[in-house]
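J.: kindly generate the corresponding structure for this input.
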Amino acid sequence: MDAGNHSVVSEFFLMGLASSWEIQILLFLIFTIFYVASMLGNLLIVLTIISDHHLHSPLYFLLANLSFIDTGVSSIATPKMIYDLFRKYKVISLKGCITQMFFIHTVGGAEMWTIGLIHSVVQLAFVVNLPFCGANKMDSFYCDFPRFIKLACIDTYSLQFLIMANSGFISMGTFFILIVSYIFILVTVRKHSSGGLAKALSTLSAHITVVVFFFGPCIIVYVWPFPNLSIDKFLAIFYVIITPFLNPIIYTFRNKEMKMAMRRLFDKVLCFRKSP
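T.: Sure thing, here's the model as predicted:
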């Protein structure tokens, strides 16, 4: 395609999840509840761990880090998606689109900061200078690399394959590393304590549920054999909204020490409000 015969694209139109007004209202209510609950739950966990010295240990530091990451994952795309439900023209600038893609990949892989950062930098290096001079409609509620690349004015087949392979390899590799780690933990616990196996299995099954909810949709997107059927934007809901919502419930609200620490935090707040 000859870029000189087209105007330069400076913004993109997001098609969103639905066009029906009734469905958009339903999605607005559901996504708003999930987003608010996710933000409040994760911020409460971070505040509780910071304020309670009983929780100043590596385990709870990792939980606080996870909750902080989840607030970032939720805040990158969800507020705009909720806002766009009532907009006729869902627009995002070229710079805003690139920025959103960078933070989604970086924060989304932040459980392994180095991998997430390298993944984002490598992908951005390929797409940041792509020319856009024609189509600017993206069938999604946020900017993602595969759809973004397809709108370029040049042949990007090789680039699409490279980025899909890169993303798929990282997603599947990280997923299997986590599963192998959980199996190793179970085997170790079984060797040292038969009584602790049931407790460890209960805890890890909850963790595996979150991992499957996050990485499952990612893997399906990259191995889906029917490119004409747009399921990726619906699967993205799992790791953009649902997983950050589930993490506080599964990782911490089932933890007795966390619940006791939250009670102490609430007692401190009540005492502070009652004091003159």
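
J.: and the nearest residue in space to Val122 that is not next to it in sequence, what element?
T.: Spatially, and ignoring its direct neighbours in sequence, Val122 is nearest to Asn166 (6.7 Å; CB to CB, 6 or more residues apart in numbering). C-beta coordinates here come from the backbone N, C-alpha and C atoms, glycine included. According to DSSP states H and E, Asn166 maps onto helix 157-192.

J.: list the buried residues in that helix.
T.: 159-160, 163-164, 166-167, 170-171, 174-175, 178, 182, 189 (16 or more other CB atoms under 10 Å).

J.: out of the residues you listed, who's nearest Pro217?
T.: Ser171 (9.4 Å; CB to CB).

J.: distance of that closest one relative to Phe184?
T.: Per CB to CB, to the nearest Å, Ser171 is found 21 Å from Phe184.

J.: state the mean pLDDT of stretch 13-21.
T.: Averaged across stretch 13-21, pLDDT comes to 84.

J.: what about that stretch, start to end distance?
T.: 18 Å (CA to CA, to the nearest Å).

J.: flag every buried residue along it.
T.: Buried-residue list, stretch 13-21, by 16+ other CB under 10 Å: 14, 16-17.

J.: just those: which are in strands?
T.: The members of those that map onto strands under DSSP state E are Leu14.

J.: got a list of contacts for stretch 210-218?
T.: 167, 171-172, 174-175, 178-179, 235-236, 238-239, 242-243, 246-247, 250-251 (CB atoms under 8 Å, 6 or more residues apart in numbering).

J.: what count of nearby residues applies to Tyr239?
T.: 18 (other CB atoms under 10 Å).
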